[in-house]
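1. could you work out the structure for the sequence below:
(chains A, B, C and D)
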Number of protein chains: 2
Amino acid sequence: MLNESMPYSLLLTELRRLVAFPDKDFLKLTPLIERIQVKKHEYLLRAGDISRKVYFIEKGCLRQYLMNSNGEERNVYFKVECGWCSELQSFLNNIPTDLNIQSLEVGALLAFNQKNWIYAVTHIPPFTMYFIKAQQETNYMLKKRLGEATIETPEEKYDRFLKEEPQLLLRLPLFQIAAYLGITPETLSRIRKKLSG
Amino acid sequence: MLNESMPYSLLLTELRRLVAFPDKDFLKLTPLIERIQVKKHEYLLRAGDISRKVYFIEKGCLRQYLMNSNGEERNVYFKVECGWCSELQSFLNNIPTDLNIQSLEVGALLAFNQKNWIYAVTHIPPFTMYFIKAQQETNYMLKKRLGEATIETPEEKYDRFLKEEPQLLLRLPLFQIAAYLGITPETLSRIRKKLSG
DNA sequence: TGAATTTCTTGATTCAAATCAAGGGTTTCG
DNA sequence: CGAAACCCTTGATTTGAATCAAGAAATTCA
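-> Here you go, the predicted structure:
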């Protein structure tokens, strides 16, 4: 019986959060995985490149972001321990991406390359089902954030952030949070002052 | 050999856009499908309810939207012929949704209930793979729209809409487009006047 | 440790889009 | 067909957040 002290235990725990994942299937999965160490501020994917890996975070924090022609950035999401970070549009179709993935901390990642990921998703049924459910979660989060992005005031966005993702406040610089909420650092600073004073 | 004049041909065409879909698998799929006629303005899902169906549009136009506590609405997306419309967070987990799905035209839909959909995705491999790819497309679209929602000006948003989804302009009222772009109908009207004059 | 860099705060000002308001046009449907 | 409801446009006004600017604080790393 696989347990929590073994390598890959974080991944197994995450898989079992959404589906029944028999040990025998997990033993088919682990040989497909590569370990990667990342530095703070290291890039894992840059706009214009083709995504070659799907990442699972054992330790650290990644951001996925878009940049417009003026060089302004918007963070699509942050992912931390037990989260996945990928850009499948590019990864699955071998086309250049518009998105960037950057590490914001020293981190430890698990990675699948294209061949191994496609093998896993087509030959390990519980992984397939896990993946569909995980994609669905991301999808739902994005739909909600898209609605909120244009309907909420800066203060409402910050309140929601505090309520829903307070742990991120402790590990991210405020200007990254501003770029996530879609407001300027100055506005964020003023909201925080107002709420504290 | 299945062909384009049969029932469900639109669905088959769409499935084959993303994966190889053998006739024998398609014949396993079609018995799982229900046909639904919808009226203009009919609701297929309301916030607070549990989603019981996944819809494929043969004819018509659906919008998926969020409403805030002031009753203001934001359209997450519009889907037309050959598109899917669903809220899997609710559908797969049997929990109430935050989202609404409404028909904007008289329409003809194909629908899967929960039991049939889960059967299809677990027992018809090409459908599984199709679904992962379709989810990934939605995901990518949402990430891009989320970034654009907070970084672009109203005029840039309308320009992009004209460039990327011009066909929607011809079939939707302008206030629905405004609620999609995240601007007021007045602002949209002024942008259009400026561009035409 | 300390200089250099980066990040955060605060103030003054500007401006674009929201809001408020009202009239004209169009569609719906009894 | 005609009244009612809905949708779109235009104008006047307000306002909240962006921008511009500068200095303080914190962090990085040689």
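2. stretch A:65-75: end-to-end distance?
-> With CA to CA, to the nearest Å as the measure, stretch A:65-75 spans 4 Å from end to end.
3. do it and chain B meet at all?
-> Yes - with CB under 8 Å from any CB of the partner chain as the measure, stretch A:65-75 is seen reaching chain B through A:65, A:66, A:68, A:72, A:74. From N, CA and C alone the C-beta is placed, and that goes for glycine too.
4. narrow the residues you listed to those in strands?
-> Judged by DSSP state E, the subset of the residues of stretch A:65-75 next to chain B located in strands is A:65, A:66, A:74.
5. that older thread, possible to save the residues of stretch A:65-75 next to chain B as TSV with neighbour count?
-> Written out in TSV, the entries for the residues of stretch A:65-75 next to chain B read as follows (neighbours: other CB atoms under 10 Å in any protein chain shown):
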residue	neighbour count
A:65	20
A:66	21
A:68	13
A:72	14
A:74	21
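6. thinking again about what came up before, tabulate the ones in strands among the residues of stretch A:65-75 next to chain B (TSV), appending pLDDT and distance to residue A:196.
-> As requested, those are arranged in TSV below (pLDDT from 0 to 100; distance: CB to CB, whole Å):
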residue	pLDDT	distance to residue A:196
A:65	97	28
A:66	96	31
A:74	96	26
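7. and DNA strand C, which of those residues reach it?
-> Of the entries in these, not a single one is placed beside DNA strand C under the rule of CB under 7 Å from any atom of the strand.
8. which among the residues you listed gets closest to DNA strand C?
-> Nearest to DNA strand C among those, counting by CB to the nearest atom of the strand, is residue A:65 at 13.8 Å.
9. in space, what's closest to the closest one - neighbours in sequence excluded?
-> In space, not counting the residues next to it along the chain, residue A:65 is nearest to residue A:75; the distance is 4.7 Å by CB to CB, 6 or more residues apart in numbering or on different chains.
10. list the residues that contact the one you found.
-> For residue A:75, the set of contacting residues under the criterion of CB atoms under 8 Å, 6 or more residues apart in numbering or on different chains consists of A:63, A:64, A:65, A:176, A:179, A:180.
11. what about 7 Å?
-> By CB atoms under 7 Å, 6 or more residues apart in numbering or on different chains, the contact set of residue A:75 is A:63, A:65, A:176, A:179, A:180.
12. can you point out the buried residues in the particular helix or strand that has the last one in it?
-> Looking back up the chat, that one is residue A:180. In this assignment (DSSP states H and E), residue A:180 forms part of helix A:174-181. Residues of helix A:174-181 classed as buried under the neighbour-count rule (16 or more other CB atoms under 10 Å in any protein chain shown) are A:176, A:177, A:178, A:179, A:180, A:181.
13. run a quick neighbour tally on the residue lying closest to residue A:171 once chain neighbours are set aside.
-> Nearest non-adjacent residue to residue A:171, counting by CB to CB, 6+ apart: residue A:61, 6.2 Å away. Neighbouring residues of residue A:61 were enumerated by other CB atoms under 10 Å in any protein chain shown; the total is 22.
14. residue A:61 and residue A:176: what is the separation?
-> The gap separating residue A:61 from residue A:176 is 10 Å, by CB to CB, to the nearest Å.
15. residue in chain A nearest to DNA strand D?
-> Among the residues of chain A, residue A:187 lies closest to DNA strand D, at 3.2 Å counting by CB to the nearest atom of the strand.
16. that residue belongs to a helix?
-> Yes - inclusion of residue A:187 in a helix is indicated when DSSP: H, G, I helix; E, B strand; the rest coil is applied.
17. surely it meets residue A:154?
-> Yes - when contacts are counted by CB atoms under 7 Å, residue A:187 is listed as touching residue A:154 (5.2 Å).
18. quick one, whichever helix in chain A runs longest and helix A:174-181 angle?
-> Residue-count comparison of every helix in chain A, with assignments taken from DSSP state H, identifies helix A:125-151 as the longest. For helix A:125-151 and helix A:174-181, the angle between their directions (axes from the mean of the first three to the mean of the last three CA atoms, to 10 degrees) works out to 90 degrees.
19. and helix A:125-151, what's its mean pLDDT?
-> Along helix A:125-151, the predicted local confidence has a mean pLDDT of 97.
20. mind listing what's buried in that helix?
-> Here helix A:125-151 shows A:126-136, A:138-140, A:142-151 as buried, counting by 16+ other CB under 10 Å.
21. with stretch A:88-101 instead?
-> Buried residues in stretch A:88-101, counted by 16+ other CB under 10 Å: A:88, A:89, A:90, A:91, A:92, A:97, A:99, A:100, A:101.
22. can you pull the contacts of residue A:83?
-> Neighbour list for residue A:83: residue A:57 [criterion: CB under 7 Å, 6+ apart].
23. cool, and residue A:143?
-> The neighbourhood of residue A:143, defined by CB under 7 Å, 6+ apart, consists of B:76, B:99, B:142.
24. let's go with 8 Å and repeat that
-> Residue A:143 makes contact with B:64, B:66, B:76, B:99, B:142 under the criterion CB under 8 Å, 6+ apart.
25. nearest to DNA strand C, of these?
-> Closest approach to DNA strand C among the contacts of residue A:143 (CB to the nearest atom of the strand): residue B:66, at 16.1 Å.
26. close enough to count as contact, that closest one and residue B:100?
-> Yes - assessed by CB atoms under 8 Å, residue B:66 is found in contact with residue B:100 at 7.5 Å.
27. need the overlap of contacts for the two.
-> If you check residue B:66 and residue B:100 against CB under 8 Å, 6+ apart, the residues they both contact are residue B:47.
28. which phi and psi does the residue nearest to residue A:171 have?
-> Summarising the backbone geometry of residue A:61 under the convention degrees, to the nearest 10, its torsions are phi -150, psi 130.
29. surely it is in contact with residue A:77?
-> No - contact between residue A:61 and residue A:77 fails when scored by CB under 8 Å: they sit 10.8 Å apart.
30. what segments of chain A are helices?
-> Taking DSSP H as the criterion, chain A contains helices spanning A:9-18, A:23-29, A:88-93, A:114-123, A:125-151, A:154-164, A:166-171, A:174-181, A:185-196.
31. show me what counts as buried in the second one.
-> Just to be clear, that refers to helix A:23-29. Within helix A:23-29, the residues that qualify as buried by neighbour count (16+ other CB under 10 Å) are A:25, A:26, A:29.
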